[in-house]
Structures are given as C-alpha cells and as structure tokens.
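Q: From the sequence below, what's the structure:
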Amino acid sequence: MHKYLFCVTLICYGFYTQAQSLLTPEKMWSLGRVSAQGISKDGNTIFYGVGVADMPENKIKTTYFAIPLKGGAAQSIPSVPKEALPTVDNDGDNIQVSADGKKVIFTRDVKIQNIKGTELYPTLSKSNAYVYDDLNQRHWDTWEDGSYSHVFVADNVAGFALREKDIMAGEVFDCPQKPHGGAEDLIFSPDGQMILYVTKKKSGVEYAKSTNTDIYCYHTATGATENITEGMNGYDTNPIFSHDGKTLAWLSMKTDGCESDKNELWMMDWATKSKVNLTQNWDETVGGFAWSNDDDKIYFTAPFHGTEQLFEINAALGATVKQVTMGQFDINGIAYQSGNTMVVSRADMNHAAELYTVDLSSGSMRALTHVNDAAYAGIQMCDVKERYTELENGERLFSWVIYPPNFDSTKKYPVLLYCQGGPQSALSQFYSFRWNFQLMASNGYIVIAPNRTGMPGWGTKWNADISKDWGGNPMRDYLAAIDDISSESYIDNNRRGCVGASYGGYSVYMLAGIHEGRFKTFIAHDGLFDLKSWYGTTEELWFANWDIGGAYWDKKNKDAQYSYTNFSPSNFVDNWTSPIFVIQGGKDFRVPIEQGMQAFQAAKLKGLKSRFLYLPEENHWVLKPQNGLVWQGEFYKWLKETL
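A: Model prediction:
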C-alpha cells in the first residue's frame, strides 16, 4: 500500500513539474499589473486595478475589481466608486474639492510664451520651427512649447467649477512638476482656505541647474502666496496633512543640485509653523509615506539591504524608526490603513506586484490579491540568493544572485553581470517588465546584481560616495563581484556578459574598456558614452554638475576635469575588444541619442560585432508593449549569438 502511494506521488510530481514551463517574454507580458485604487468608506473593501498589455492595441488596458479587506473572492466592477467631481471647462486635470465642498482646485496648461514659428511668423502656417532664448528648451521627452501647467481655484457651484482664478498667473513655472509630478503636488488645507502646491520657481539656466522645489501656500481670501519651505534648498515634495489638520508632513532634501540627497521626513505645526526633521538621526533615505489613521505615527517605505521595507516613526521629535516588515521582497507602495491592518503593494524577483495586508503589530503579511497565481502555477521559479564579496578595503559588497530554474551545481552556466542605473537608485527585489531577472535566468543565465557603491539601503555615505567617482569604486565593485562568482565551479568563465541601462549603460561602456578580457559580450541601453557631449546635450544639468563635477571647460574645477579625463568611457574605446549591443530611445533627453550613436559607431569602426536598436518614440524607458517585446527579442537573440 505504501509503495503504491509512493508511486502515485512520483507520478503526480512528475506531471506537475512537466506542466510548469520557463518564463518567456510573452508570458511575462501577459501578467496583470496590480495597483491599489481606493478603499470603501467603511474600510472593509479594497478597490484595485489590473493592467494587462493589449498587444494589438499596443497599450496597457486596465480593468477594476473589489475585494474584501479580510480576503475572499474579487468581484469585477465597471469603475472605482468615487464621489462625483465638479465639471471643469477646458481640459482641467488633477481636480480636487475642499473638505467643506465649497472650493475646487485643478490644473490646466496656460500659454505664456510664443516659441513656435507659426506664433512668431503668423503668415508661415506650415513652419514647424521653435525659437529659444534660454535653457530648459526640452525636458525628459518633451520640447517646451511656451505652455505651463498652472493651478486654478474656483467656486464649486452645483457641481460646476465657476469663477475660476489662475493662482500662478503669468508665471513660467509648472505645477505639477515636470516631468513626473501629479495630483500629489497640490492639496487644500483642511479648512479649505489655503492651497498648497509644489513647484520650482526658476526658469532657463537656473531651472536646469537647481533641484530647489518649494511648497507654496496660497490664501484664497487675500490672494497672497507664501513660500513655507523658504531656506530649504533641495527638493521639497509630497505635502500631506494629518487627519486632524494640525500637522503638515512632507519630504525634503537638504542640498540644491543633488537629486539623490538623503530624503528626510519633515513636519510642521500648522498653527505655529515650527518645523521638525523627524529622520535627521536615521541613516537612510525615505520613500513614500502616509499618516496613521490616529495621526500618532507616520508609515513610510525605504531601501534596506537590497530590499524595500515598511517602517514607522512616532510623530514626535527624537522618535526612533522601527522596521515593520522584513523579508526577501519589496514593499513598493503604501495603499490604505484599516485599524491595525495596512494594505501595501509587494513584489519580488519572481513575482509581479500584488496587494498584501500587513499586521502593523507583528509585521506578518497575507496576500490579498491573487491576480497572477494561476499564471505562476505554470511557470518555473528561480532561486534568488544573497552573496557577499570581500573588497580590498575590508568592506563587504552585497549582491543578489539569480539562478536558472532546476539549477544544477555540477553543470557550467554563463553568467551576466547586471549594472543598475540611477546611479543612486536601489537594486532591490523589484519586478521589472524589461530588466527582468527571472526572465534572464529562465534563458539559462546566472545573474549577479551587485549593490555597488552609490545605492541606498546601506547607509547614506555608501549612497553618496558615487558622486564624482563614477568610474572609480563602482567599477571596482563590479569587477570584484564578477571575479568572486567566477570562482564557483558552476560558472563558465568563457561565457561572461555585462548588461545595464542608464548609469548601468555607462557602466557597460566603461567596463568594456577596462575589463581585461573578463567579458565576452556587452549590452548597453541609454548609457552615457562620452561625458563631454553628454554635458552639452542633457537637460537636467543639476545632475551632471553634482555627479560629474561641473562643466568640461572649467579647467579650475578639479573634480570635473578628473571625471572627464578618467571616467568618460569614450577615452577607453581603444581597449574595446568584445561584441556590443547598443539600445537607444529617440526621445531620451536625459541621455540623448548621440550617446548611443557614438558608441555604436566606435564599435563598428573598430571592426567589432555590434548592433544598434533604435526606439524612436521611447524616452529613457520602454513604455509601449510591442517595443518591449522587440527589446526582449533582440536582447536574448544577441546573447544567444555572442554568449
């Protein structure tokens, strides 16, 4: 009898493993992208959206669902229940109503400057020229057309926004901030008498060199505007009032020009306007945050040792930070609180984001949504392990290592060194629909992903030390990581590749000139190839000034001159010997197209096997699903050909 049961078990196990298959780009793109959308008034029901790629339409289509907070079956709903918003004429966006229902705010583009040829020369109706007298003529993926997004306030009369007023009239500034700001950049005060909005009141050259956004307070009764973060010189963003309206919290960076400075959590007593830095004694950087329902605490996310976790802090000066969750996953968003339960978004390298509940007392978690469970049942998972590498200076370098499904240590595997962008962004347990580690490993590659110098989650010094040292310690870390894992018997040292995007693409170009035969192939996406030409074409000069050191023509600037001489990959092209695949977005104004074109041209002129994937309508990212599939098709085709 026992023998019979054992045989049945083996048969069932064999059927299960055979039923599972490797992740493919097509399977990955079919996964649902879960996002929290709302909570019912009684706190018992969560509303969420599921975005799925519609390949024929080349876009993400979203459907909506409701699920009990305690768990259970999800029900499809036509839309997320929301209170009706007032009607706003002429394309109003980011519409919000004051707590007393009397006022409404919204944003709208306002034409301030004549820049187009057809505006300057009305008789030349077919002109497509643009004329600029200052910088910030383009940003991220859009050319400046003389229109600026302004905040408007109006009376809410029977569901219509009437007697509207532009509270930024005549100003050449944007709210929400360009390019990524949203409705979080403008809020009412609890009494509805004031409007808080985030903007950077600088233009031209000064705008391009500064990160000094501020929070402005507009008084509806008098029309007066005051800067409530005056003297705070870095980013000031995300103003959120406590539920009782007595305290304002927001995120602030100290240093003008440093876009990746430590993000601090500040509070202001709204009556006295006194300010407190809650996290000044905490050695990490804050992500998104939310007030607890009773206003006693603030919950926030932050990078921590190769992950992103949920933390809490008592809303009092000198309070210590407490970590709520811990594990091999990312908490990549705080959604809603109901009693002692917090709803969050959670992902890991094998699983796209789903909604989870967190017990705020114990930190224990339970999956709330199960959108992709059926898909995962048919997909083989990858082992993801921590690895530490001893550096020459005695420090320890952390890396994630992702192994192919059914990994066999007696066999030999090719290895990919993954180089993260940012350069100060976290390499955590994120799930990317482009740089997907599970997909790389499922194609037979071991992936090592180091938390090299410059990444958050290991203290603010480690995070900051990359600035003005792009080609120094970070390259040391990458080479140490690949050398360390290459000592394993299961690594085929004749089949090592190096891949990355943005600063990761820069790292690929840099390593191609200094790797001394380690790598057989390279892939760089939107990477910086030549620092001089990049400085002359990128738009966010605050970033270049802080991280590189400044302008290449400033011969007295030792930091800048050292960077341009020692850390520009173009200076090391003579050492390029391995095949290289270059990917470039046509609308990437942060790392403009000449960077990829120069790298591809250099490789071709040197006689190296090389390829150029041009994505004319994509920016620094790849957002269109069909382009995403092309990207992955070419990525793995190149690896198959060269590794």
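
Q: Correct me if wrong, but residue 549 is in a strand.
A: No - when DSSP: H, G, I helix; E, B strand; the rest coil is applied, residue 549 is found to be coil, with no strand at that position.

Q: Distance check, it against residue 520.
A: According to Cβ to Cβ, to the nearest Å, residue 549 stands 33 Å off from residue 520. Just so you know, the C-beta spots here come from the backbone N, C-alpha and C atoms, and that holds for glycine as well.

Q: Who has more neighbours out of these two?
A: Neighbour tally, residue 549 and residue 520, criterion other Cβ atoms under 10 Å: the higher count belongs to residue 549, 23 against 19.

Q: hang on, isn't that one packed against residue 567?
A: No - Residue 549 is not in contact with residue 567 according to Cβ atoms under 8 Å; the separation is 9.6 Å.

Q: any common contacting residues for those two?
A: Shared contacts of residue 549 and residue 567, defined by Cβ atoms under 8 Å, 6 or more residues apart in numbering, are absent.

Q: host element of residue 302?
A: For residue 302, the host element (DSSP states H and E) is strand 297-304.

Q: Can you give the contact residues for that strand?
A: By Cβ under 8 Å, 6+ apart, the surrounding residues in contact with strand 297-304 are 249, 265, 278, 284-292, 308-315, 323-324, 331-334, 337, 342, 360, 426, 428, 455-457.

Q: strands paired with that strand, and their directions?
A: Strand 297-304 has the following strand partners under DSSP bridges: strand 289-291 (antiparallel), strand 307-314 (antiparallel).

Q: can you redo the ones you listed as a markdown table with mean pLDDT, mean neighbour count and distance to residue 577?
A: As requested, the strands paired with strand 297-304 are arranged in a markdown table below (pLDDT from 0 to 100; neighbours: other Cβ atoms under 10 Å; distance: least, Cβ to Cβ, whole Å):
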| stretch | mean pLDDT | mean neighbour count | distance to residue 577 |
| --- | --- | --- | --- |
| strand 289-291 | 98 | 20 | 48 |
| strand 307-314 | 97 | 21 | 37 |
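
Q: For the residue positioned nearest the centre of the chain, give me its contacts.
A: When Cα atoms, centre = their mean is applied to the chain, the residue found nearest the centroid is residue 425 (7.7 Å). Contacts of residue 425 were listed using Cβ under 8 Å, 6+ apart, and they are 260, 455, 456.

Q: quick one: secondary structure of the first one?
A: It stands for residue 260. When the structure is reduced to helix, strand and coil (three-state DSSP), residue 260 reads as coil.

Q: before we move on, what about the last one?
A: For residue 456, the reduced secondary structure class is coil; criterion used: three-state DSSP.

Q: Ok, residue 602 next?
A: helix.

Q: now the stretch 1-150 of the chain, which segments are flagged as low pLDDT?
A: Residues of the stretch 1-150 of the chain meeting the criterion pLDDT under 70: 1-18.

Q: mind listing the helices for the stretch 101-250 of the chain?
A: Counting by DSSP state H, counting those that start in this stretch, residue ranges of the helices within the stretch 101-250 of the chain are 117-120, 204-209.

Q: now the ones you listed in CSV, with distance to residue 574 and mean neighbour count?
A: Supplementary listing: the helices of the stretch 101-250 of the chain in CSV, determined by distance: least, Cβ to Cβ, whole Å; neighbours: other Cβ atoms under 10 Å:
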stretch, distance to residue 574, mean neighbour count
helix 117-120, 44, 15
helix 204-209, 33, 17
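
Q: And the ones you listed: which comes nearest residue 273?
A: Counting by Cβ to Cβ, residue 273 lies closest to helix 204-209 out of the helices of the stretch 101-250 of the chain; the figure is 26.9 Å.

Q: same for that closest one, what does it pack against?
A: Counting by 3 or more Cβ pairs under 8 Å, 6 or more residues apart in numbering; DSSP states H and E, the packing neighbours recorded for helix 204-209 are helix 541-547.

Q: Packing partners of the helix it packs on?
A: For helix 541-547, the elements it packs on are helix 204-209, helix 531-535, judged by 3+ Cβ pairs under 8 Å, 6+ apart.

Q: ok, now which ones touch residue 620?
A: Taking Cβ under 8 Å, 6+ apart as the definition of contact, the neighbours of residue 620 are 140, 141, 502, 526, 585, 588, 590, 591.

Q: I'd like to know how many residues surround the closest residue to the fifth one other than its chain neighbours.
A: Distance criterion Cβ to Cβ, 6 or more residues apart in numbering; nearest residue to residue 585, sequence neighbours excluded, is residue 618 at 4.0 Å. The criterion is other Cβ under 10 Å. On that basis, residue 618 has 21 neighbouring residues.

Q: Over to residue 63?
A: 14.

Q: Then residue 517?
A: As a burial measure, residue 517 scores 8 neighbours (other Cβ under 10 Å).

Q: Please apply the same query to residue 269.
A: By the other Cβ under 10 Å criterion, the neighbourhood of residue 269 contains 12 residues.

Q: what's the answer for residue 226, then?
A: Neighbour count of residue 226, defined by other Cβ under 10 Å: 12.

Q: beta partners for the closest residue to residue 174 other than its chain neighbours?
A: Using Cβ to Cβ, 6+ apart and skipping the chain neighbours, the partner closest in space to residue 174 is residue 149 (4.6 Å). On DSSP bridges, the residues paired with residue 149 through beta bridges are residue 109.

Q: that older thread, any chance of the helices and strands packed on helix 541-547 in a markdown table with mean pLDDT as columns?
A: Shown next, in a markdown table, are the helices and strands packed on helix 541-547 (pLDDT from 0 to 100):
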| stretch | mean pLDDT |
| --- | --- |
| helix 204-209 | 98 |
| helix 531-535 | 98 |
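
Q: Looking at those, spot the one closest to residue 640.
A: Counting by Cβ to Cβ, residue 640 lies closest to helix 531-535 out of the helices and strands packed on helix 541-547; the figure is 31.3 Å.

Q: That closest one: which residues count as buried?
A: Residues of helix 531-535 classed as buried under the neighbour-count rule (16 or more other Cβ atoms under 10 Å) are 531, 533, 534, 535.

Q: go on, stretch 376-383?
A: Of the residues in stretch 376-383, those with enough neighbours to count as buried (16+ other Cβ under 10 Å) are 376, 379, 380, 381, 382.

Q: Not counting residues beside it along the chain, what's closest to the first one?
A: The spatially closest residue to residue 376, leaving aside those adjacent along the chain, is residue 351, at 6.9 Å (Cβ to Cβ, 6+ apart).
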